[in-house]
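Undergrad: Take a look and give me a structure for this.
(one chain, ligands or ions: 1)
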Amino acid sequence: MKTLVVYASKKGYAKECARHVADGIGSDSIAVQVGREANTANIDNYEAVIVGGSIHMGNLSGSLKSWLANHAQELLEKPLGLFVCGLGEEEQEQYFTKNFPSELLEHAKIKCYLGARLILKQYNPIIRAMMKKITKKDEDIHMERPEAVKACADAFK
Ligand SMILES: Cc1cc2nc3c(=O)[nH]c(=O)nc-3n(C[C@H](O)[C@H](O)[C@H](O)COP(=O)(O)O)c2cc1C
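TA: Predicted structure coming up:
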């Protein structure tokens, strides 16, 4: 299915996931960043939509939440996929519940947890120290989930 993948990503992991999902689906599917890029894409030109992004302090980016609210009606008319990226694999269910409108959660045919990546040097020293404290780890964290990314794409083929 020709699919529009709309993502929000701070440091590139969710962006990478979104691009892999779009590439995996094929059929002229594209991944666009929320904001100007997403605003220039016309949902009507796509058969399906997948929306998601990375979680920070329990939240998806505010601009992605606004985009979801502004496009809820159109999204209800197409096959829909949702995804989140985050270190809290066990919290994934609550991340979906908290961040996506309930009607979209009910309508979505797939909700994908796509793992996470935390590269400490991408952050300033304050965030770095905070993340080390929260994760109790002194190193980068690789929780990439290529199999989940593939499953997300396969559901829209
Ligand atoms: C300041 C900060 C806060 C974060 N908060 C959460 C969180 O609440 N829950 C979670 O699961 N992951 C959290 N993460 C981890 C990110 O979601 C994860 O590193 C993700 O892969 C980043 O994706 P991005 O590169 O697309 O921004 C946090 C990371 C940072 C730097």
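
Undergrad: and K98, what does it touch?
TA: K98 makes contact with 58-59, according to C-beta atoms under 8 Å, 6 or more residues apart in numbering. To be clear about C-beta, it is placed using only N, CA and C from the backbone, and glycine gets the same treatment.

Undergrad: again, only this time at 10 Å
TA: 55, 58-60, 91 (C-beta atoms under 10 Å, 6 or more residues apart in numbering).

Undergrad: Over to V84?
TA: 14, 17, 52-55, 60, 91-93, 95-96, 99-100, 111-116.

Undergrad: do V34 as well
TA: Listed by C-beta under 10 Å, 6+ apart, the contact partners of V34 are 6-9, 51, 53, 60-68.

Undergrad: that older thread, among the contacts of V84, which lie within strands?
TA: Among the contacts of V84, DSSP state E puts 52-54, 111-113, 115-116 in strands.

Undergrad: Could you write out the alpha-carbon coordinates of the strand or helix carrying D23 in CSV?
TA: Using DSSP states H and E, D23 sits within helix 13-25. What follows is helix 13-25 as a C-alpha-only set of coordinates in CSV (Å, rounded to 0.1, in the frame of the first residue of the first chain):
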residue,chain,number,x,y,z
TYR,A,13,16.5,6.9,15.7
ALA,A,14,12.8,7.3,15.1
LYS,A,15,13.6,8.9,11.8
GLU,A,16,15.7,5.9,10.8
CYS,A,17,12.9,3.6,11.8
ALA,A,18,10.3,5.6,9.8
ARG,A,19,12.5,5.5,6.7
HIS,A,20,13.1,1.8,7.0
VAL,A,21,9.4,1.2,7.4
ALA,A,22,8.6,3.3,4.3
ASP,A,23,11.4,1.6,2.3
GLY,A,24,10.2,-1.8,3.5
ILE,A,25,6.6,-1.1,2.4
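
Undergrad: need the next SSE after that helix, C-terminal direction.
TA: Sequence order places strand 30-33 as the next helix or strand after helix 13-25, per DSSP H and E.

Undergrad: quick one: that following strand near the ligand?
TA: No. Strand 30-33 is not in contact with the ligand by C-beta under 6 Å from any ligand atom; minimum separation 10.5 Å.

Undergrad: That strand - contacts with which helices or strands?
TA: Helices and strands touching strand 30-33, by 3 or more C-beta pairs under 10 Å, 6 or more residues apart in numbering; DSSP states H and E, are strand 3-8, helix 13-25, helix 36-40.
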